[in-house]
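Novice: output the structure for:
(chains A and B)
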There are 2 protein chains.
Amino acid sequence: MANESQGKKVAILLAPKGTEEVEFTQPRQAVEDAGASVDVIGIETGEVQTLVDDTYHGEKLTVEKTFSDVSADDYDALIVPGGAVGADNLRADAGAVDFIRSFFEQEKPVGVICHAPWTLVEADVVRGRTLTSFWSVQTDIRNAGGNWVDEEVVTDQGLVTSRYPGDLDAFCAKIVEEFAEGKHAEQARSV
Amino acid sequence: MANESQGKKVAILLAPKGTEEVEFTQPRQAVEDAGASVDVIGIETGEVQTLVDDTYHGEKLTVEKTFSDVSADDYDALIVPGGAVGADNLRADAGAVDFIRSFFEQEKPVGVICHAPWTLVEADVVRGRTLTSFWSVQTDIRNAGGNWVDEEVVTDQGLVTSRYPGDLDAFCAKIVEEFAEGKHAEQARSV
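Specialist: Below you'll find the model as predicted:
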């Protein structure tokens, strides 16, 4: 249905550099089409250059609010797009990591794709959870206590993960579904 | 002294994309200046574009041999340059990871900088070792059993690591020293 996320507020993260364009634009569109309103959160406000196939010719996108402006209390759900450099930048920022962890503490649904599960490793919220990621990140997830599986989309009680841009159709359908369901108590178990 | 590595053969890795230019060129120059001969090893032979500050305008460099052409038996020491995308590409290649692990098995000295310690995590050779890396990689190293410290250069019995291009002078001096010393039995302890 077209309005299953009507009234929901969703946060989507945008790194200062290296966010993979389509992993940002397609999930944002999907949750907006389902009726959600979306805020773009980053380390600093302003325009950033996204990435297509690891080169910097993606769309220019704008960070609207910083991690110090907002709290997970303000949102119903979170999307973290990938890109190796983008995810690496986000995990290195304590504000980003704390913001992400708060969604788990508050049992709220989270969608994370490609290299972005590194941010979950940094937040130490993958212990005992089943998830996927870009293939190169699997050892880091297993070492952090996660159960890594190789599937286009994995849903574990409010945590939705996918491997790369080729999985986006399945990822977007599943985040819309999980976000519509609302809180999942299991999200707080790994925190 | 200028010829402390005379007669030594050194392998340096070059990723298909995303190797940080100066983390390749400066260590290669340092060991060549000390008298070593250097082979450039990668996933496929041919020209690759290196990276400066995460954008693709670095020098074009050439991969001379692939991981299937060579073995750690052929070399006295190994250098693995960083760059987030470059290191991520190398860790995803089984040939690269096996090649790296073999240097540890053969007790040979290894120099690794910036994001490249991800390749050591993938090879599972950091357990019980003391090392540094780019700051964002520290959690992955700790989760893999390594003792991560924040210093410009860390030498642990044949394993030399540094954090980023700003540490290159110290890194280069130390790899020349460790490579000249030759084998370190401790290198095989973590394999």
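Novice: can you pull out the helices in chain A?
Specialist: Under the criterion DSSP state H, chain A carries helices at the ranges A:21-33, A:84-91, A:94-105, A:117-123, A:138-143, A:168-181.
Novice: could those go into CSV alongside distance to B:R91 and mean pLDDT?
Specialist: Quick note: C-beta positions are derived from backbone N, CA and C, even for glycine. Compiled in CSV, these are given as follows (distance: least, C-beta to C-beta, whole Å; pLDDT from 0 to 100):
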stretch, distance to B:R91, mean pLDDT
helix A:21-33, 20, 97
helix A:84-91, 11, 96
helix A:94-105, 22, 98
helix A:117-123, 13, 98
helix A:138-143, 8, 98
helix A:168-181, 23, 97
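Novice: right, and these - which one's nearest chain B?
Specialist: helix A:138-143 (3.9 Å; C-beta to the nearest C-beta).
Novice: on that earlier part again, reformat the helices of chain A as CSV; add mean neighbour count.
Specialist: Output for the helices of chain A, formatted as CSV (neighbours: other C-beta atoms under 10 Å in any protein chain shown):
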stretch, mean neighbour count
helix A:21-33, 20
helix A:84-91, 28
helix A:94-105, 20
helix A:117-123, 28
helix A:138-143, 21
helix A:168-181, 20
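Novice: can I get the ones you listed in TSV with distance to A:S162?
Specialist: Formatted as TSV, these follow (distance: least, C-beta to C-beta, whole Å):
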stretch	distance to A:S162
helix A:21-33	9
helix A:84-91	13
helix A:94-105	17
helix A:117-123	10
helix A:138-143	13
helix A:168-181	4
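Novice: most centrally placed residue in chain A?
Specialist: Geometric centre of chain A, nearest residue: A:V80, 1.9 Å, by C-alpha atoms, centre = their mean.
Novice: for B:L61, find the nearest of the helices of chain A.
Specialist: Evaluated over the helices of chain A, closeness to B:L61 peaks at helix A:84-91, with 20.0 Å, by C-beta to C-beta.
Novice: what residues does that closest one touch?
Specialist: A:13, A:15-20, A:43, A:51, A:54, A:80, A:96-97, A:114-119, A:121-122, A:134, B:18, B:54, B:84-85, B:88, B:115, B:136, B:139 (C-beta atoms under 8 Å, 6 or more residues apart in numbering or on different chains).
Novice: quick one, that helix and helix A:94-105 angle?
Specialist: For helix A:84-91 against helix A:94-105, the angle by axes from the mean of the first three to the mean of the last three C-alpha atoms, to 10 degrees is 80 degrees.
Novice: mind checking how far helix A:84-91 is from the chain centre?
Specialist: The chain centre lies 12 Å from the centre of helix A:84-91; the measure is C-alpha atoms, centre = their mean, to the nearest Å.
Novice: can you pull the alpha-carbon coordinates of that helix into PDB?
Specialist: Provided in PDB are the C-alpha atoms of helix A:84-91 (Å, rounded to 0.1, in the frame of the first residue of the first chain):
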ATOM      1  CA  ALA A  84      33.300   2.200   1.700                       C
ATOM      2  CA  VAL A  85      34.700   5.700   2.300                       C
ATOM      3  CA  GLY A  86      31.300   7.000   3.400                       C
ATOM      4  CA  ALA A  87      30.800   4.200   5.900                       C
ATOM      5  CA  ASP A  88      34.400   4.600   7.100                       C
ATOM      6  CA  ASN A  89      33.800   8.300   7.700                       C
ATOM      7  CA  LEU A  90      30.600   7.700   9.600                       C
ATOM      8  CA  ARG A  91      32.100   5.000  11.900                       C
END
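Novice: what is the orientation angle of that helix with helix A:21-33?
Specialist: Helix A:84-91 runs at 60 degrees relative to helix A:21-33, counting by the same axes, to 10 degrees.
Novice: report the contact partners of A:D124.
Specialist: Per C-beta under 8 Å, 6+ apart, neighbours of A:D124: A:R101, A:A144, A:V191.
Novice: at 7 Å what do you get?
Specialist: Counting by C-beta atoms under 7 Å, 6 or more residues apart in numbering or on different chains, A:D124 touches A:A144.
Novice: so which bits of chain A are right by chain B?
Specialist: Taking C-beta under 7 Å from any C-beta of the partner chain as the test, the list of chain A residues beside chain B reads A:17-18, A:54-56, A:84-85, A:88, A:91-92, A:121-122, A:135-136, A:139-140, A:143-144.
Novice: need the contact list for the nearest residue to A:A87 once chain neighbours are set aside.
Specialist: Counting by C-beta to C-beta, 6 or more residues apart in numbering or on different chains, A:H115 is the residue found nearest to A:A87 once chain neighbours are left out, at 4.0 Å. Residues near A:H115 by C-beta under 7 Å, 6+ apart: A:G82, A:G83, A:A84, A:A87, A:S133, A:F134, A:V137.
Novice: buried among those residues? Make that a PyMOL selection.
Specialist: Entered in PyMOL, the line below selects the buried ones among these, by 16 or more other C-beta atoms under 10 Å in any protein chain shown:
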select buried, chain A and resi 82+83+84+87+133+134+137
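Novice: among the contacts of A:H115, which one lies nearest to A:K183?
Specialist: Using C-beta to C-beta, A:S133 comes nearest to A:K183 of the contacts of A:H115, at 23.7 Å.
Novice: that's all I had, so thanks and see you.
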